[in-house]
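Colleague: quick one: sequence and predicted model below, then my questions.
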Amino acid sequence: MEALIEQLKQEIIAQLNLDGLKTEDINPDTPLFGDGLGLDSIDALELIVLLDKNYGLKILNPADGKKIFQSVRSMAEFISENKK
Amino acid sequence: MGAYIKGIGIVSPQKTFNTKTFLTETVEHTTNSLRCIEPYYPEFINPVLARRMSRTIKMGIAAAMVSLRDAKVEMPDAIITGTALGCWEDTEKFLVAMIENSEQLLTPTAFMQSTHNTVSSQIALLLKCMNYNFTYVNKGFSFESAVLDAMMMLGDSDAKNILVGAHDEMTEKYFNITKRVGFWKEEAVATSEVLRSTTNGSVSGEGAAFFVLGKEKGEDDYAQLRSLKMIFEPENEHQVEEKINELLSENGLTCADIDVVVYGKSGDVRYDKIYSHLEDTLFKNSASVSFKPLCGEYQTSSSFALWEAAMMLKTQTIPTAIQVNKQPKSEMKNVLIYNHFMNTYHTAFLLSQC
């Protein structure tokens, strides 16, 4: 799980152009949106594409998105539970 | 018609961002493709917003913000931009992703930022400016069309101050494709040697320049932009002469009144002949200056020339780096810019001292 979290952090930084941020700056339990990392709705779309492109995972029920994108850890858990 | 240049912001391959100095120091590049010297962006753009912006967007916004500060204008009555290529880097990114992912899994950012009016609209968003906003994408006439629109608006409406500008960026892919059709030089050339080059092609360039054009004359104006003309694919030199004479006579001037001509000489032996012809005929008594060795060739390079002409008129100096021949005998009152892109889009701007 920790290796996946580390990898995910790198991919998020690259995909969202979070210049100046290092993987160690992102706490895996910090909320991605709102007061945490401060991501917005466009970033949410980028993250959906990231999951699909890098892990072959689609979010079929939009209501699940809020839980999946809660933090880097929740994303990693979703990947490890669903990746074939 | 006519407008007063009240503020300028320019990002170019030279250190032009500080509008208080005028080419006191020039950067000598040795290349066939010039790249801009970029400013420190956090001063102008929130880093959270900047992370989604490509180079040309950031250059355009920074130049626009500096020109507004320079003119002490907080809210322009219109934002008008000219660009030939738009946000090319993002367009490439989006198209490459479409090909690589078989038109699936496209991310929104590159698409949103790849539209030609991104810079104009981002400036409006940052300023919360709901006024007229337009982007002209007319190849080598893009900047000229934007300026013409601004001048007509100042003449025909209540608008007092208009932000008008141009931006174009060079990418590796666009450079390589256009090099194959003969746009650019094969060899690297030093900035100071460009006009002595004897080969085909020019040194490619890029840049972003914004101007605040005002209706009313002010104390700190750079110059008066009196008029401009566009000539598409002139048939011969006489047609060019005719149009220039027309431009001057419409403004009550003759060739003898032009103290300095800013020529768009690019070091391309195929296309520089018209400039030499004008130097030897209409303007044999005027001083000649260049601008393309400093900024390179690109479709909206006239914007760099406009900055240069305005700075010359305000400071009454001609920096050594742009001098081609003799100096004006007395003070500079009238300056003509004559430029063309690939011998297709010919333009002339007439400026006068305020």
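Modeller: Received it, and whenever you're ready, just let me know what you need. Because the structure is predicted, anything quoted here is derived from the model rather than measured.
Colleague: can you check the pLDDT for the residue nearest to residue B:247 when sequence neighbours are not counted?
Modeller: For residue B:247, ignoring the flanking residues on the chain, the nearest one in space by Cβ to Cβ, 6 or more residues apart in numbering or on different chains is residue B:229 at 4.8 Å. Bear in mind the C-beta positions are built from the backbone N, C-alpha and C, glycine included. Predicted confidence (pLDDT) at residue B:229: the value is 97.
Colleague: pLDDT at residue A:25, what is it?
Modeller: On pLDDT, residue A:25 comes in at 90.
Colleague: distance of residue B:33 from residue B:69?
Modeller: 31 Å (Cβ to Cβ, to the nearest Å).
Colleague: then residue B:267?
Modeller: Applying Cβ to Cβ to residue B:267 and residue B:69 gives a distance of 35 Å.
Colleague: also residue B:278?
Modeller: Computed as Cβ to Cβ, the residue B:278 to residue B:69 distance reads 36 Å.
Colleague: residue B:95 now?
Modeller: 36 Å.
Colleague: for residue A:10, same thing?
Modeller: The separation that residue A:10 has from residue B:69, given Cβ to Cβ, amounts to 39 Å.
Colleague: now do residue B:287
Modeller: When distances are taken as Cβ to Cβ, residue B:287 and residue B:69 turn out to be 32 Å apart.
Colleague: next: residue B:41.
Modeller: The gap separating residue B:41 from residue B:69 is 15 Å, by Cβ to Cβ.
Colleague: ok, for the one residue in the stretch 1-150 of chain B that gets nearest to chain A, nearest residue in space, not its chain neighbours?
Modeller: Residue nearest to chain A within the stretch 1-150 of chain B: residue B:51 (4.2 Å; Cβ to the nearest Cβ). For residue B:51, ignoring the flanking residues on the chain, the nearest one in space by Cβ to Cβ, 6+ apart is residue A:17 at 4.2 Å.
Colleague: still on that earlier bit, how close does the residue of the stretch 1-150 of chain B closest to chain A get to residue B:109?
Modeller: Distance, residue B:51 to residue B:109, by Cβ to Cβ: 9 Å.
Colleague: what do you get for residue B:298?
Modeller: Taking Cβ to Cβ as the measure, residue B:298 and residue B:109 are separated by 25 Å.
Colleague: looking at these two, which one has more neighbours?
Modeller: Set residue B:298 next to residue B:109 and count neighbours by other Cβ atoms under 10 Å in any protein chain shown: residue B:298 wins out with 26 against 23.
Colleague: break chain B into its domains for me.
Modeller: Domain segmentation of chain B under automatic domain parsing yields B:3-214, B:223-352.
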